[in-house]
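**Student:** quick one: sequence plus predicted model below, questions after.
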Amino acid sequence: MTELASMEFHPQPQAGQARPWAFPAPERGKLDNGLTVLRCHRPGQQVIAVEVLLDTPLDAEPKGLDGIATIMARAFSEGTDKHTAEEFAAELERCGATLDAYADHPGVRVSLEVPVSRLPKALGLLADALRAPAFDDAEVERLVRNRLDEIPHELANPSRRAAKELSKELFPATSRMSRPRQGTEDTVAGIDSAGIRAFYERHVRPATSTVVVVGDLTGVDLDALLSDTLGAWTGSPAQPRPVPPVTADDTGRVVIVDRPGAVQTQLLIGRIGPDRHDRVWPAQVLGTYCLGGTLTSRLDKVLREEKGYTYGVRAFGQVLRSAPDGTGAAMLAISGSVDTPNTGPALDDLWKVLRGVAGEGLTDAERDFAVQNLVGVAPLKYETAASVANTLADQVEQHLPDDYQATLYQRLAATGTVEATAAAVSAFPVDRLVTILVGDAAEIREPVEALGIGEVTVVAAE
Amino acid sequence: MGHTATPEAQSGGLTATEHRLANGLRVVLSEDHLTPVAAVCLWYDVGSRHEVKGRTGLAHLFEHLMFQGSGSVKGTGHFELVQGAGGSPNGTTSFERTNYFETMPAHQLELALWLEADRMGSLLVALDEEGLENQRDVVKNERRQRYDNVPYGTAFEKLTALSYPDGHPYHHTPIGSMADLDAASLEDARAFFRTYYAPNNAVLSIVGDIDPEQTLAWVEKYFGTIPAHDGKPEPRDGSLPEIIGEQLREVVEENVPARAMMAAYRLPTDGTRACDAADLALTVLGGGESSRLYNRLVRRDRTAVAAGFGLLRLAGAPSLGWLDVKTSGDVEVPVIETAVDEELARFATEGPTAEEMERAQAQLEREWLDRLGTVAGRADELCRYAVLFGDPQLAFTAVQRVLDITAEEVKAVAEARLRPDNRAVLVYEPTAAEADDLEAAETTDENEESAQ
């Protein structure tokens, strides 16, 4: 029983003439204090994005004090030599600015966004925060308590709980990567202002830091502004720290984090693989997209659009840490949630999809679609100053050339179906995947064991 | 009088033109040639407030069906064609509207218009039982993922139900109930489409690197022959007394990681000066890390791990001022509640300081700059003001209206509305000493549901 429509139909229109667009090239410079500066003028972007990278990898945290880089990052906005914590927050908000800071494996990132009219004032506050943070005893103690309060909330979140378990499974216990980025209840409790100050003095200095400034800089004398603000930051020169190579055990296995009564199972299936320094990266990006980039990719085509097991499953590659010599690594993973009764069937289908890619390969149509989307969305993706600044900062953090993103688009376009298939298969080999399931073990254990995707163990959610 | 904030956004030099096709479709065009992209946004004047008893969630389920093919488009072709053209599509459903949007490379604009017209005019050709069954399962999994399987996940639903009385069009949220999702039939979906998906019940905005004349010609070509139809029932009246008149309260005992106090205050409807004043009041009280509640609860008393206020602007019913406080350690809820009441009462008596006004206005101004800083954000705001207030141009002057509000107006709305007898309170008490479950979807926009 079809319903006739009374509108006039037209053939699908053809694309017009594409207008040129390129990922912006930043201008690179250095302040007298050694701070590296990348700037990029983006007409019309009235909210300026400023990203600062500090060379304070989590690996540099003192033994037993996991989370100290996180608390330091947060403490930057809790008072300086000019303002108390409350005054500092008030001054920032008076600029209409936001200031966020977080610590990850490669280092600390501090992100400022502010309307261009108030950029000078906000840059002054940012400079104060980096140059002369107060690290007041009482404020640090409050941040520590606050962090301790956050941990139970994170453990209760199925996707964060899964990520924690995957890190623990993949990386050797001696590696910082095996442990939560922001520390555990045991380690955070031992952090105090003296420790933060020592960590800061040892690792934070302009000579090993970079600032990225992006937005509509019309009429802004950025050199003078930077010299008056971040230029006043001083510190001794230092060599960048060497970082240990990343290793992981990807023996195929399953860990169920037991949450009795859960109506869904959170899946996180992962291992580590090449980062952006590897020649395979563009092919890996294409292959991963074909597998699980969107709801018309292979995984969702079956799991969502055919079976209705999930709201969506995604495959992704996320750089963990890179090194100039190419010894870095990326996390390659598939994540999503499926309803409890269909957990076994969903995983069965997921493995079938992976075997299908390995067996029959991706099609030219899938590869073309992936290239057209990934290359085509670039002008949309990089419309805002913040998105451009973030990618420029990632490039610096990953020791990549400033034109990396611009040339990546050409390399994606030059990558064929065979290479994309090979990359997808080696990124997600069916017998080398660590599967974390956060869900009701009593319901899902048996069906998962029957799949033969690896030994199954059950741990408490704690 | 506190604000010295410069009106950074004002209209920012942005302009829009308005047009109307013979079938009633309203069209808004706004040029911006800085980046070769174009945003297409289509708002249908239908949301969960139009749903009837026993069919909650239908507007959102229907939104999913709009991505399952139409007359000229097979299966998930809407997504495939847009993404294959380098575009980014989605749709969302809220209380008051359903929107569909795609940002495209500028040279692919015509494709997006063809696609939107195709489903507006011919969805029922493709709508079938199989697609409905599949998307029903997807939406039920969306509900589990975003609400049922996370701690505090159903707080918004519970507070909404408390705040708007049984039978009120906003009593239920867009996600709907599992039972109603199960009950929705193909005939319900068809009737929904025939009732609400008409050109004269929609606004189409197109923003970006466009040639207005050419764009309008395409709109006429693709949408022009879709017949208008009337017969859409007026939504049920959403008006309520200004003040609830008593404190409504529900205690939830669940396996959550910490005690929490959440509350919804009944506030003026969107589109009024009083609503903008309320936005500023909530920002001073609970927006960001220099707000009164953050300073009191998180910094000084150290009784909360997080404390904040947000505004859910609604045009067809009173807006909601949304308070969310998660307690620290073993702190009990009455301690939080006493402090909140003290701060709100003090604010109602004193009003904001000049500096607080300046800060709140600067923050709201930046939020507006962010929203208008992308073609997609601008297209959505133009539709919003056209659908809800009849005038898309109001999008460009919204920030100025916020900057025009005086401290006296902020004090007045706080005095009148931010009172214990004008709120619904939801208290969470953890059931297990060692919490081992769940978390709130803090980053998701809980008043809307999206297709992907």
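**Tutor:** Happy to help now that I have it.
**Student:** so the closest residue to chain B within chain A versus B:Gln135, what's the distance?
**Tutor:** Going by C-beta to the nearest C-beta, chain B is nearest to A:Gly376 of chain A, at 1.5 Å. Yep, even glycine has a C-beta here, placed from its N, CA and C like the rest. Relative to B:Gln135, A:Gly376 is positioned 27 Å away (C-beta to C-beta, to the nearest Å).
**Student:** please apply the same query to A:Ala450.
**Tutor:** Here the criterion is C-beta to C-beta. By it, A:Ala450 lies 29 Å from B:Gln135.
**Student:** kindly report the same for B:Arg300.
**Tutor:** Counting by C-beta to C-beta - B:Arg300 and B:Gln135 are separated by 49 Å.
**Student:** the two: which has the busier surroundings?
**Tutor:** B:Gln135 (26 against 12; other C-beta atoms under 10 Å in any protein chain shown).
**Student:** tell me the confidence at the more buried one?
**Tutor:** What the model reports for B:Gln135 is a pLDDT of 96.
**Student:** show me what contacts it?
**Tutor:** A:308, B:61, B:64-65, B:68 (C-beta atoms under 8 Å, 6 or more residues apart in numbering or on different chains).
**Student:** possible to save the residues you listed as a markdown table with distance to A:Ala75, pLDDT and neighbour count?
**Tutor:** Supplementary listing: these in a markdown table, determined by distance: C-beta to C-beta, whole Å; pLDDT from 0 to 100; neighbours: other C-beta atoms under 10 Å in any protein chain shown:
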| residue | distance to A:Ala75 | pLDDT | neighbour count |
| --- | --- | --- | --- |
| A:Gly308 | 47 | 97 | 20 |
| B:Leu61 | 47 | 97 | 28 |
| B:His64 | 45 | 96 | 22 |
| B:Leu65 | 50 | 97 | 25 |
| B:Gln68 | 51 | 96 | 23 |
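**Student:** filter these down to the ones in helices?
**Tutor:** B:61, B:64-65 (DSSP state H).
**Student:** returning to what we had before: what's the farthest-apart pair in the contacts of B:Gln135?
**Tutor:** Pairwise distances across these (C-beta to C-beta) peak at 13.2 Å, for the pair A:Gly308 and B:Leu65.
**Student:** which SSE is the most centrally placed residue in chain A in?
**Tutor:** With the centre of chain A defined as its mean C-alpha position, the nearest residue by C-alpha atoms, centre = their mean is A:Gln318, 6.1 Å away. In this assignment (DSSP states H and E), A:Gln318 forms part of strand A:310-321.
**Student:** likewise for B:Val425?
**Tutor:** strand B:423-430.
**Student:** tally of neighbours for the residue in chain B that chain A sits nearest to?
**Tutor:** Among all residues of chain B, B:Gly86 sits closest to chain A, at 1.5 Å; criterion: C-beta to the nearest C-beta. Counted with other C-beta under 10 Å, residues neighbouring B:Gly86 total 25.
**Student:** so it sits right up against A:Asn373, yeah?
**Tutor:** Yes: if you go by C-beta atoms under 8 Å, B:Gly86 and A:Asn373 touch, sitting 6.2 Å apart.
**Student:** so which residues on the stretch 151-300 of chain B come close to chain A?
**Tutor:** By C-beta under 8 Å from any C-beta of the partner chain, the residues of the stretch 151-300 of chain B that approach chain A are B:151, B:190, B:209, B:218, B:221-222, B:225-227, B:256-258, B:288-290, B:295, B:298-299.
**Student:** got any ranges where chain A has weak pLDDT?
**Tutor:** A:1-5, A:240 (pLDDT under 70).
**Student:** mind listing the strands for it?
**Tutor:** Using DSSP state E, the strands of chain A run over A:27-30, A:36-41, A:47-54, A:98-104, A:107-115, A:210-215, A:253-258, A:264-273, A:310-321, A:329-339, A:434-439, A:455-460.
**Student:** got a list of what the residue of chain A closest to chain B touches?
**Tutor:** So A:Gly376 contacts B:85-87, B:105, B:108 (C-beta under 8 Å, 6+ apart).
**Student:** just to revisit the earlier point, ok, the contacts of B:Gln135 vs A:Glu397, which is closest?
**Tutor:** Taking the contacts of B:Gln135 together and measuring to A:Glu397 by C-beta to C-beta, the closest member is B:His64, at 38.4 Å.
**Student:** if we can go back for a sec, can you list contacts of the strand holding B:Val425?
**Tutor:** Outside strand B:423-430, the residues touching it (C-beta under 8 Å, 6+ apart) are B:152, B:155, B:158-159, B:162-163, B:244, B:247-266, B:323, B:333, B:337.
**Student:** direction included, what does it pair against?
**Tutor:** Sheet pairing of strand B:423-430 (DSSP bridges) gives strand B:248-254 (parallel), strand B:260-267 (antiparallel).
**Student:** so which of these is the most surrounded?
**Tutor:** Counting by mean count of other C-beta atoms under 10 Å in any protein chain shown, strand B:260-267 has the highest mean neighbour count of those, with a mean of 26.
**Student:** can I get the next helix or strand after that one in PDB, CA atoms only?
**Tutor:** Where DSSP H and E defines the elements, the next helix or strand beyond strand B:260-267 is helix B:273-286. C-alpha atoms of helix B:273-286 as PDB (Å, rounded to 0.1, in the frame of the first residue of the first chain):
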ATOM      1  CA  ARG B 273      12.400  40.900  28.700                       C
ATOM      2  CA  ALA B 274      11.600  39.100  31.900                       C
ATOM      3  CA  CYS B 275      13.000  35.900  30.300                       C
ATOM      4  CA  ASP B 276      16.200  37.600  29.400                       C
ATOM      5  CA  ALA B 277      16.400  39.100  32.900                       C
ATOM      6  CA  ALA B 278      15.900  35.600  34.300                       C
ATOM      7  CA  ASP B 279      18.800  34.300  32.100                       C
ATOM      8  CA  LEU B 280      21.100  37.000  33.700                       C
ATOM      9  CA  ALA B 281      19.800  36.100  37.200                       C
ATOM     10  CA  LEU B 282      20.600  32.400  36.700                       C
ATOM     11  CA  THR B 283      24.000  33.300  35.200                       C
ATOM     12  CA  VAL B 284      24.900  35.500  38.200                       C
ATOM     13  CA  LEU B 285      23.700  32.800  40.600                       C
ATOM     14  CA  GLY B 286      24.900  29.700  38.900                       C
END
